[in-house]
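Peer 1: Predicted model follows, preceded by the sequence.
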Amino acid sequence: MPVESVPTQSATAPSPKHHVSPFLVILFVFSLALLGVAIVWGAQIIDILMPAAETPVLEPATDIKTEAQTPPTTEQEITNIEAEAAATEAELSASESELDAIEAEIEANLQ
């Protein structure tokens, strides 16, 4: 009888090939680059994207006429302050009398 020869498989099987997609490699490299940029320039990027509320620097109000004149002396300053205080006191007393009149009117309506 004829003898059939059956091919036998070799003792070492070929290892399966792991194919890494070029897209995944590019994505990985891009992610690393993005992480590096965030670490190095993170504070500047945050300042650009979300600027902190800056408080405006207020300069003292100056009057052009006052700058052209000579600075007031201490006596002039005291006189100006006293006049301003007297005007404020007059305004307060006028407001107080108006409030008293309103209060009296309210009390009269309640009775």
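Peer 2: Yep, that arrived. Numbers count the residues shown, from 1 in each chain.

Peer 1: in the helix or strand hosting residue 89, what's buried?
Peer 2: Under DSSP states H and E, the secondary-structure element containing residue 89 is helix 74-110. Neighbour counts using 16 or more other Cβ atoms under 10 Å place no residue of helix 74-110 among the buried ones. For glycine as for every other residue, the C-beta is placed from the backbone atoms N, C-alpha and C.

Peer 1: same question for that helix, mean pLDDT?
Peer 2: Helix 74-110 shows an average pLDDT of 91 in the prediction.

Peer 1: give me the number of residues near residue 19?
Peer 2: Taking other Cβ atoms under 10 Å as the criterion, the count of residues near residue 19 is 6.

Peer 1: what does the one 3 residues further on give?
Peer 2: Around residue 22 sit 8 other residues, with neighbours defined as other Cβ under 10 Å.

Peer 1: quick one: it and residue 35, what's the gap?
Peer 2: Summarising the geometry, the distance separating residue 22 from residue 35, computed by Cβ to Cβ, to the nearest Å, is 20 Å.

Peer 1: any idea how the protein splits into domains?
Peer 2: Under automatic domain parsing, the residue ranges defining each domain of the chain are 21-51, 71-111.

Peer 1: Which of those sits closest to residue 59?
Peer 2: When the domains of the chain are compared by Cβ to Cβ, domain 71-111 sits nearest residue 59, at 18.1 Å.

Peer 1: circling back to that earlier point, quick one: which of the domains of the chain is nearest residue 4?
Peer 2: Using Cβ to Cβ and comparing the domains of the chain, the one that lies nearest residue 4 is domain 21-51, at 44.5 Å.
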